[in-house]
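Asks: Build me a structure from this.
(chains A and B)
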Amino acid sequence: DAGVTQSPTHLIKTRGQHVTLRCSPISGHKSVSWYQQVLGQGPQFIFQYYEKEERGRGNFPDRFSARQFPNYSSELNVNALLLGDSALYLCASSRQSLATNEKLFFGSGTQLSVL
Amino acid sequence: SQQGEEDPQALSIQEGENATMNCSYKTSINNLQWYRQNSGRGLVHLILIRSNEREKHSGRLRVTLDTSKKSSSLLITASRAADTASYFCATDPRETYSGGGADGLTFGKGTHLIIQP
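Replies: Numbering: from 1, shown residues only, chains lettered A, B, ... in the order given. Take a look at the predicted model:
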């Protein structure tokens, strides 16, 4: 079975631009979460979606938005990019929401560089 | 903000030795998980321990949880070169769920483990 897939793997943007990152969860998984990992730090939670509804949001500005589609895939959108948005963006899926003691399955991430 | 803090930040040992990493956290938790990350790419889940459990084993891994001290430890026995990676603890920072939703995991900054051949 395919794992969590993310696209693109690498992306270079300039300040002020907009970016869309995509994620396909493991088949049968209904929950998708997004994390941002800055170099040298642990991942920081951005969003969780379960059954196409937002179930949690981390401490990120409104420039960050996401959605989950009927096939459970997800998009993360970031508007008005700042240099500080440069990071590895990780998508993770789980069968159910985290409320059921679920472990996360991570994709390989999208490395975003903002110049 | 990051709740968990791993200790040490970096650890270098010889192949075959045991490696111990510690994690401290601040709030009540539902469970604590350990993940491994190779070369800054995707994380791999290692083990989950619930708040009502004190110790758990999986292969060469042993995890302990002390909720009174808000701390956990990960022991890797008989280390191998392939164990070289960054290790993160992650907490699910809520004791109970009211059914209204779930937040994400809160990760620490990680311990970078190097196994010398």
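Asks: For chain B, what is the nearest residue in chain A?
Replies: Taking Cβ to the nearest Cβ, chain B has its nearest neighbour within chain A at A:F45, 3.0 Å off. In this view, the C-beta of every residue, glycine as well, is placed from N, C-alpha and C.
Asks: Look up the pLDDT of that residue for me, please.
Replies: We have a pLDDT of 94 for A:F45.
Asks: Tell me who's in contact with it.
Replies: With contacts taken as Cβ atoms under 8 Å, 6 or more residues apart in numbering or on different chains, A:F45 has the following neighbours: A:S33, A:W34, A:Y35, A:G56, A:G58, B:D103, B:G104, B:L105, B:T106.
Asks: ok, the fifth one touching A:A66?
Replies: No - no contact is recorded between A:G58 and A:A66 when judged using Cβ atoms under 8 Å, the distance being 11.0 Å.
Asks: Just give the number of residues close to the nearest residue to A:Q111 once chain neighbours are set aside.
Replies: Once its chain neighbours are removed from consideration, A:Q111 has its nearest residue in A:H10; the separation is 4.9 Å (Cβ to Cβ, 6 or more residues apart in numbering or on different chains). Other residues within reach of A:H10 by the criterion other Cβ atoms under 10 Å in any protein chain shown amount to 9.
Asks: which residues does A:H10 contact?
Replies: A:H10 touches A:T110, A:Q111, A:S113, counting by Cβ under 8 Å, 6+ apart.
Asks: go on, A:P25?
Replies: A:V4, A:S31, A:V32, A:Y72, A:S73, A:S74, A:C91, A:S93, A:F105.
Asks: Tell me the pLDDT of it.
Replies: As predicted, A:P25 sits at a pLDDT of 97.
Asks: so does the worst-scoring helix or strand of chain A on mean pLDDT get close to chain B?
Replies: Scoring the helices and strands of chain A by mean pLDDT, DSSP states H and E places strand A:53-57 at the bottom, with a mean of 90. Yes - part of strand A:53-57 sits near chain B under the criterion Cβ under 8 Å from any Cβ of the partner chain, namely A:R55, A:G56.
Asks: helix or strand right after that strand?
Replies: From strand A:53-57 onward toward the C-terminus, using DSSP states H and E, the following helix or strand is strand A:64-68.
Asks: gap between the helix or strand following that next one and the chain center?
Replies: Beyond strand A:64-68 on the C-terminal side, the first helix or strand identified by DSSP H and E is strand A:74-78. Remark: strand A:74-78 is offset 7 Å from the chain centroid, using Cα atoms, centre = their mean, to the nearest Å.
Asks: Check stretch A:69-78 too.
Replies: Shown here is stretch A:69-78, whose average C-alpha point lies 9 Å from the average C-alpha point of the whole chain (Cα atoms, centre = their mean).
Asks: circling back: okay, the residue of chain A closest to chain B and A:Q96: tell me how far apart.
Replies: Using Cβ to Cβ, to the nearest Å, one gets 17 Å for the distance from A:F45 to A:Q96.
Asks: What helix or strand is A:T20 located in?
Replies: Under the criterion DSSP H and E, the helix or strand holding A:T20 is strand A:19-24.
Asks: angle of that strand against strand A:74-78?
Replies: Direction vectors for strand A:19-24 and strand A:74-78, defined by axes from the mean of the first three to the mean of the last three Cα atoms, to 10 degrees, enclose an angle of 160 degrees.
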